[in-house]
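K.L.:
A predicted structure for the sequence below; I have some questions about it.
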Amino acid sequence: MKKILITGASGFIGGFLVDEGLSRGWEVTAAVRPSSDRTWLQDPRIRFLTLNFQDESDLKQKLKDEGRFDYVIHNAGTTKAHLRGDYFAGNYEVTKRFVDAIRSNEQTPDQFLYVSSLAAVGPVKAGEQIEPGLTPNPVTFYGESKLASEQYLATLTDFPWSAVQPTAVFGPREKEMYLAIKLACRGWAFLLGAKPQELSFIYVKDLVRLIYAALEHGHSGKKYLVTDGKKYNGEDVGKAVEAATGRRTTQIKIPLPLVRFVAAVAEIVGALRGKMPLLNREKLPELAAESWRCNMTETFEDLQFQPRFDLYSGMRETIQWYKNNDWL
């Protein structure tokens, strides 16, 4: 039986990663924080491991007590923060400390899979697509911190690692695109700016299948772009909701200066509440980018993988889940 350790297991993607490991009959250990919400981690087969990524000695001891894992998926990280340093502390520093602990304990797995982000590469201009090996040009602190983690891993010559760089991920349990989907279900779809956009998406179940394919077939030291392989425009989210619900959606373009103002106000309110809002000025360069379209040929060929969902079929399943669970 394969042993796998999954960090960030209590999050949106993490919960599905745990489900997939269990469905394969593997021994799954979910790394969580004491405060982690375990709503989606109720299967009695799950083994839990509380890790403190800020305490190097405690981290080493906890990992040593668990013994070696065949596979490690490092999915934990910081997606929203107020300062550049906070992103680097939650992504780069945590990743380095985690890998250093594994190596110093001589617990190197068969494969260490880092869940990075397409933000680490950055967008391209309209009419262009992101190619494998493209020189990275992240446009946010989040992307920079994910890139720094990748660059650290690339310095290791005796450690079997690979990374996936997912585009926007959606599906059941997700809470960020959910807000846009909820508005679209009520008949309103908002587009950022006046310029057309080329977007990409990946349904969470396909992402998880691809991650496990990367564990088994990925080339060590390689980074893989992750989308469903299709090109979308800014109106497709609203259209996908229309197709799933049968309700007409009105597309409304919001000027970027107005979006920046709203984001600034949201940040002030968020600061008072001690939380970074989903819409913030740091995120805007990604949200307003011209093209996130990717060339997926290498990823699909290397990993022997083909998506089962696109935005439209994934949206139908997502909305049905939201309805079944009283989110809509």
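P.N.:
Now that the structure is in, tell me what you want to look at.

K.L.:
what does the average pLDDT come to for stretch 122-133?
P.N.:
The average pLDDT for stretch 122-133 rounds to 96.

K.L.:
for stretch 80-90, that is, sorry about that
P.N.:
93.

K.L.:
So for it, what gets flagged as buried?
P.N.:
80, 81, 86, 87, 88, 89, 90 (16 or more other Cβ atoms under 10 Å). In this view, the C-beta of every residue, glycine as well, is placed from N, C-alpha and C.

K.L.:
Filter the residues you listed down to the ones in helices?
P.N.:
86, 87, 88 (DSSP state H).

K.L.:
Let me know the closest of these to residue 164.
P.N.:
The shortest gap between residue 164 and any of those belongs to residue 87, at 18.9 Å (Cβ to Cβ).

K.L.:
Can you tell me the closest non-neighbouring residue to that closest one?
P.N.:
residue 145 (4.0 Å; Cβ to Cβ, 6 or more residues apart in numbering).

K.L.:
where does the one you found land in three-state SS?
P.N.:
helix (DSSP: H, G, I helix; E, B strand; the rest coil).

K.L.:
pLDDT score assigned to residue 152?
P.N.:
In this model, residue 152 is scored at 98, pLDDT.

K.L.:
Residue 227 contacts residue 198, correct?
P.N.:
No. With contact defined as Cβ atoms under 8 Å, residue 227 does not reach residue 198; the gap is 11.1 Å.

K.L.:
got any residues that touch both of these two?
P.N.:
Listed contacts common to residue 227 and residue 198 are 292, 293; contacts here mean Cβ atoms under 8 Å, 6 or more residues apart in numbering.

K.L.:
These two: which is more packed in?
P.N.:
residue 227 (29 against 20; other Cβ atoms under 10 Å).

K.L.:
where exactly do the helices run in this structure?
P.N.:
Using DSSP H, helices in the chain cover 12-23, 56-66, 84-88, 94-104, 141-154, 177-185, 204-217, 236-245, 256-273, 284-287, 297-303, 311-324.

K.L.:
wouldn't residue 130 be in contact with residue 124 here?
P.N.:
Yes. The pair residue 130 / residue 124 is scored as a contact, 5.6 Å apart, by Cβ under 8 Å.

K.L.:
overlap in contacts of these two?
P.N.:
291, 293.

K.L.:
The two: which is more packed in?
P.N.:
residue 130 (23 against 19).

K.L.:
re the thing from before, please tell me how far the residue nearest to residue 87 sits from residue 32.
P.N.:
To residue 32, residue 145 is 22 Å away according to Cβ to Cβ, to the nearest Å.
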